[in-house]
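S.K.: coords please:
(2 chains)
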Amino acid sequence: MVMEIRPIMERSRALEAPPPPSSWREGPSSKSLELYSYIVSLFRRKSFARGVHPDTHKSTAGKPIRRLPYAPRISLPLAQHIGKPAVPLVRPGEEVVRGQPIARADGFLSVPLHSPVTGRVEAIRLHPSASGAWVESIIIHAYASSTQEVLWREPRDMDSLGPEEILAAVKDCGMVGLGGAAFPSHVKLSIPPERRIHTLVVNGCECEPYLTCDHRTMIEHPADLMRGIGYAMRAVGARRAIIGVEDNKPDAVAALTPFLPTDGRVSMEMVQTKYPQGAEKMLIKSLLNLEVPAGGLPLDIGVVVNNVGTLTLLGRLLPAGEGLTERVVTVTGPAVKRPGNFWVPLGTPIRHVLQCSGVLDGDPHPELEVVLGGSMMGQAITSLDTPVTKGVTGILVYDRESVMRETVTKVYPCIKCGECVQACPMGLNPALLGMLAAKRDYDSMSVDYHLADCFECGCCTWVCPSGIPLVQQFRAAKGLLRARAA
Amino acid sequence: MTELRSAPHERLGLSVESIMLNVVLALLPIALFSIWLYGLSALVLLLTSVIVCLATERLFNHLSGQSSTLGDWSAMITGILLALVLPPSFPLWMTAVAAVAAMGLGKILFGGLGMNVFNPALVGRAFVQAAFPSAIATWVPSYAPNRFHEFIPTTLTPPLMIPPDITAWTKAVSADAFTGATPLAMWKFQHQLTAPEDLILGIATASVGETSAMLILVCGLYLALRGMLDWRIPVGMMGSAIALAYAFHLYNPDFFPPPFFVLLSGGLMLGALFMATDMATSPVTPLAVWVYAILIGLVTVLIRYFGGLSEGVMYAILFGNALAPLLDRSLPTRVFGRRKARKVAS
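M.R.: Residues are numbered from 1 along each chain as shown, chains lettered A, B, ... in the order given. Purely as a prediction, here's the structure:
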């Protein structure tokens, strides 16, 4: 650990030193410096060890974010976030306006909900969710004739707020990590008093294949993003922020560069296009060459990571005093006739989104696989009535042919080729873990081979020539170990 | 209405069959070249070895009630590799014994594909080395004039019979004085050095497939470029063999041969590129792979210089195979965010 602490010390000393007299972006030698950093980047692309290079399939990267027509009926699960479900504030039959809080947070690890539409609450009942389980949801009938403009807001003067008040504002707007984790943002931004944060890492990698929602957000809403970064830096007390963008998105870098504050506290770094570059721990390693200790959090090494989508919406919603009612969703995949990026009101049924993007044209009951998220970590859903929730980054639809093509028909025994060992970003030995899983030796998996460090990125399964469902076995093993511990 | 699969929803698309098939393809030029050198005998040797290997695997599939596993091509690889490491004059019935030993003892006994500890082809070869020590040390010259019309006399030895003496035949077919010894044996017992160009082009006396160092290197390079061969193993093995040979050569240039000779002669090239790289019997963690490769290179040179045999690659690789699981356990990967790799008590 001694080796790894030194960079922090050096970096924090560098931060306390007075800034250089002129920013290099304005200096006369900026061109040669740019060339120099480009040449350096050719030899040392910022990255982490191992990982994989799946096809990116970012065909929707050039498609501007558009709006979809409102669905006639939306369903908002009370638990769209990690933590305790929200508590409803409305009753069936009540009229709500767009932006109005309809459920309150229940405790610290919880966030409120706001109505994405103007309409009438039909019921509070069980409704299908992404996991397949039916969960308590608020069902709202949207008024077809309404303007659907945000009618409920409490604008605030952000400049006068201290860190605690910013955190309260973040919680009030119901923000969660929009990169897919759906972890309440105010909890992530709450730093224990004994910790000091030196860097806010802004995650603009979007390493998952197919997804382009963050990419488009960076291009289309750079000012909101910079504002959001400023609020987050104030909330955590970070002196600087680094935006990490994969080097397959030069247009996003070009769009953001003019908006970088001149004081140099926010910088941008290109990182290698490699999966899972956007995983928190990997991005910190790539940008800062720091390793989050096993079982620890980024804040243990003085870093907080936030997704660009989250910060962009914070930058827009906090000063306006609005709640989180919609998010950007990428709709794509082999079965989608009109792919694109859309502002989708929360609670919109997936069926409605698919109808709008041409998936269900003609045949209303085609054989499909509908995945929420990207192809590496996305979750297939059982019902098209599942609503878009705060953590849905994309809707990826495979038709029958592509499912057949990608489905492994024959599983061979492990031939110990070691591809998975060379792919695992966490440095685990998936081949050995897989063999232990087959033997049901779950204790050895967790005690001797660090199963808990696996964050289920799926690289091992992706490369495995034998077609062994490694990451699936690890998920099952973790579940069994959790069940046994409980 | 919907398919349900667990993430990841797409895959790289590399399969066991495609890896194994590519290894077969990479071995074909070497096999064809050996047929060009030794004619009919090499051809029937290859055919016998492959057919018996496939038949043995199929028979055991049948006995254990499995469906056929021939489709994974791995039995085919064992068959070809086994033929390539036998001398061209090897009697066919002994080849069949070697093939049954390779598949039965080397692979199926351990549980089939991926479960075997030792390289099956080398198990077969080691078995006949012990069983038929004189037949496996009988060498014949390449480019025999009638090689496409007649067999080497020993090839068609009736089953369970001792092969006839072929000294007279060898004298008749070879133009110059053929010594009946491999380059390594010539160096070891007569202290004669073979010219490097002969070793590179495959003119030298050797096993069926160990003749042309250059051809083997090119075929191995094809696999390495396709990512189906772990380049670290040949690099580590050949590098350590050269380094140790060079050290010995510096110490006593008169007694120890120059390093190029160690690299190009015998089965080192074939062993480094196609035997030691066998996925099932080599380690997986990065450090273990390097230790494994370097160890095999060193042991090869030590056996060649100080052992009773002139060739050491086979036993060196079998030795490395035996250590591989231990190396994987004692040299685990360093897990991200942990100080250093922790040894696992076995």
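S.K.: care to break the chain down by domain?
M.R.: Just so you know, I chose chain A. Domain ranges of chain A: A:2-8+A:34-54+A:156-320, A:65-142+A:323-402, A:419-485, per automatic domain parsing.
S.K.: that's the other chain; I wanted chain B
M.R.: According to automatic domain parsing, chain B comprises the domains B:16-138+B:140-180, B:182-333.
S.K.: got those domains as CSV, with distance to A:Cys213, mean pLDDT and mean neighbour count columns?
M.R.: To be clear about C-beta, it is placed using only N, CA and C from the backbone, and glycine gets the same treatment. Listed next are those as CSV, based on distance: least, C-beta to C-beta, whole Å; pLDDT from 0 to 100; neighbours: other C-beta atoms under 10 Å in any protein chain shown:
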stretch, distance to A:Cys213, mean pLDDT, mean neighbour count
domain B:16-138+B:140-180, 35, 89, 20
domain B:182-333, 33, 88, 21
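S.K.: and B:Glu311, helix, strand or coil?
M.R.: coil (DSSP: H, G, I helix; E, B strand; the rest coil).
S.K.: so what's it up against?
M.R.: By C-beta atoms under 8 Å, 6 or more residues apart in numbering or on different chains, the residues touching B:Glu311 are B:182, B:184, B:266-267, B:303-304.
S.K.: then B:Asn119?
M.R.: Shown in contact with B:Asn119 (C-beta under 8 Å, 6+ apart): B:81, B:106, B:275-276, B:278, B:281, B:317-318, B:321.
S.K.: now it: phi and psi?
M.R.: The phi and psi values for B:Asn119, taken as degrees, to the nearest 10, are phi -60, psi 120.
S.K.: circling back to that earlier point, farthest-separated two in the contacts of B:Asn119?
M.R.: Within the contacts of B:Asn119, two members stand farthest from each other by C-beta to C-beta: B:Gly106 and B:Ala276, at 15.1 Å.
S.K.: after the helix or strand containing B:Trp93, which helix or strand is next?
M.R.: Assessed by DSSP states H and E, B:Trp93 sits inside helix B:92-104. Counting by DSSP H and E, the next helix or strand C-terminal to helix B:92-104 is helix B:120-131.
S.K.: how near is whichever residue of the stretch 101-250 of chain A sits closest to chain B to A:Lys274?
M.R.: Nearest residue of the stretch 101-250 of chain A to chain B (C-beta to the nearest C-beta) works out as A:Pro209 at 7.2 Å. Distance, A:Pro209 to A:Lys274, by C-beta to C-beta, to the nearest Å: 12 Å.
S.K.: ditto for A:Arg265
M.R.: To A:Lys274, A:Arg265 is 28 Å away according to C-beta to C-beta.
S.K.: what sits against B:Met76?
M.R.: By C-beta under 8 Å, 6+ apart, the contact set of B:Met76 is B:20, B:24, B:50, B:53-54, B:70.
S.K.: list just the nearest of those to chain A.
M.R.: So of the contacts of B:Met76, ranked by how close each gets to chain A (C-beta to the nearest C-beta), first place is B:Met20, at 8.6 Å.
S.K.: spell out which parts of the stretch 1-150 of chain B neighbour chain A.
M.R.: Counting by C-beta under 8 Å from any C-beta of the partner chain, the stretch 1-150 of chain B comes close to chain A at B:1-12, B:14-16, B:18-19, B:72, B:112-115.
S.K.: return the subset of the residues you listed lying in strands.
M.R.: The members of the residues of the stretch 1-150 of chain B next to chain A all map outside strands under DSSP state E.
S.K.: let's see which of the residues you listed end up in helices.
M.R.: B:16, B:18-19 (DSSP state H).
S.K.: can I get those residues in TSV with distance to A:Ser137?
M.R.: Below are those laid out as TSV (distance: C-beta to C-beta, whole Å):
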residue	distance to A:Ser137
B:Val16	46
B:Ser18	47
B:Ile19	48
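S.K.: give the rounded mean pLDDT of stretch A:269-289.
M.R.: Stretch A:269-289 shows a mean pLDDT of 92.
S.K.: who in the stretch 51-200 of chain A is up against chain B?
M.R.: Within the stretch 51-200 of chain A, the positions adjacent to chain B are A:52, A:54-55 by C-beta under 8 Å from any C-beta.
S.K.: out of those residues, which is nearest to B:Pro234?
M.R.: Using C-beta to C-beta as the measure, the one of those that approaches B:Pro234 most closely is A:Val52, at 24.3 Å.
S.K.: what separation do you get for B:Pro196 and B:Tyr251?
M.R.: Counting by C-beta to C-beta, the gap from B:Pro196 to B:Tyr251 is 21 Å.
S.K.: also B:Pro145?
M.R.: According to C-beta to C-beta, B:Pro145 and B:Tyr251 sit 44 Å apart.
S.K.: just B:Leu229 next, same as before
M.R.: If you measure B:Leu229 against B:Tyr251 using C-beta to C-beta, the figure is 34 Å.
S.K.: same question, A:Leu283
M.R.: Look at A:Leu283 and B:Tyr251: by C-beta to C-beta, they are 52 Å apart.
S.K.: then A:Pro366?
M.R.: Distance of A:Pro366 to B:Tyr251, given as C-beta to C-beta: 75 Å.
S.K.: returning to that earlier point: now the two most distant members of the contacts of B:Glu311.
M.R.: For those, the farthest-apart pair by C-beta to C-beta is B:Thr182 and B:Ile303; their separation is 14.4 Å.
S.K.: wait, A:Glu95 sits on A:Gly119?
M.R.: Yes - the pair A:Glu95 and A:Gly119 qualifies as a contact (C-beta atoms under 8 Å) at a distance of 7.4 Å.
S.K.: give me the more crowded residue out of those two.
M.R.: For the pair A:Glu95 and A:Gly119, the greater number of neighbours falls to A:Gly119 (22 against 13), based on other C-beta atoms under 10 Å in any protein chain shown.
S.K.: residues contacting the more buried one?
M.R.: A:95-96, A:140-143, A:146.
S.K.: before we move on, what SS does the residue of the stretch 101-250 of chain A closest to chain B have?
M.R.: Here A:Pro209 is coil, with the state taken from three-state DSSP.
S.K.: and if you look at the one 10 residues further on?
M.R.: Taken by three-state DSSP, the conformation at A:Ile219 corresponds to helix.
S.K.: neighbours of it, how many?
M.R.: A:Ile219 has 20 neighbours, counted by other C-beta under 10 Å.
S.K.: report pLDDT for A:Arg13.
M.R.: Taking A:Arg13 on its own, its pLDDT is 39.
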